[in-house]
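Asks: turn this into a structure:
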Amino acid sequence: MRIRTQPSRALDRIALALAIAGIADLVVKRIVTTRFVPGERLSVIPNFLVLTFVRNDRGAMGLFGTRPALLIGLALVVIAMLALLLYGALRSSPATQVGFGLVAGGALGNVVDRLTHGYVIDYIALPRFYVFNLADAFISCGLLLIALPALGRKTSH
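Replies: This next block holds a predicted model:
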């Protein structure tokens with residue numbers, strides 16, 4: 001019988017969050033691409049939430065232009081840098097582990113899009129905001145989970 005060690009549980013949390021984020025993102029994108037034509041819109045909550053199929057060939061919020069190779073490379077470098085920066089927290093903080101998994105899973109979902117299509121499939125439209133996808137939402141939630149332990153610490157004056 002093998003006794004599980006703490007690092008093993010940490011890797012399990014990261015892998016599970018990464019898998020959930022990546023798979024959920026790709027499944028929803030598949031549904032969008034099979035049910036919508038580019039530009040088609042469906043109002044889910046009037047004046048608030050619209051589903052639409054957008055082919056996004058740019059980076060987050062339009063940054064870095066239309067260079068898929070650059071955007072893929074940047075995503076992979078950011079994941080690696082984040083892992084290095086969070087090394088200590090990844091060993092000890094379950095929130096950071098799950099957060100990192102969500103960020104990595106979301107980023108990899110968008111990387112898969114760029115590799116297979118040359119663009120990212122976006123579909124969630126909110127008023128006065130960029131159209132985004134579930135991967136982007138996972139990245140944002142993951143970054144929040146990573147930041148929470150630091151925000152909860154009391155500072156001494």
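Asks: hmm, who's touching the one helix or strand in the chain whose mean pLDDT sits lowest?
Replies: Using mean pLDDT, DSSP states H and E, helix 87-92 stands out as the lowest-scoring helix or strand of the chain, at a mean of 81. Identification of contacts with helix 87-92 by Cβ atoms under 8 Å, 6 or more residues apart in numbering yields Gln6, Pro7, Ala10, Ile14, Ala83, Thr96, Gln97, Phe100, Ile146, Pro149. From N, CA and C alone the C-beta is placed, and that goes for glycine too.
Asks: let's see 7 Å
Replies: With Cβ atoms under 7 Å, 6 or more residues apart in numbering as the test, helix 87-92 has contacts from Pro7, Ala10, Ala83, Thr96, Gln97, Phe100, Pro149.
Asks: could you point out the helix or strand that follows it?
Replies: Going down the chain from helix 87-92, the next helix or strand is helix 94-117, by DSSP states H and E.
Asks: now for the helix or strand that that following helix is followed by, which elements pack on it?
Replies: Remark: after helix 94-117, the chain's next helix or strand is strand 120-125, criterion DSSP H and E. On a contact count with 3 or more Cβ pairs under 7 Å, 6 or more residues apart in numbering; DSSP states H and E, strand 120-125 meets helix 6-35, strand 49-56, helix 94-117.
Asks: what about the ones you listed, which gets the closest to Tyr123?
Replies: Tyr123 lies closest, by Cβ to Cβ, to one member of those: helix 6-35, at 4.6 Å.
Asks: tell me what angle the closest one forms with strand 120-125.
Replies: If you take axes from the mean of the first three to the mean of the last three Cα atoms, to 10 degrees, helix 6-35 sits at 80 degrees to strand 120-125.
Asks: residue nearest the centroid of this structure?
Replies: Centroid check for the chain by Cα atoms, centre = their mean gives Gly106 as the closest residue, at 2.4 Å.
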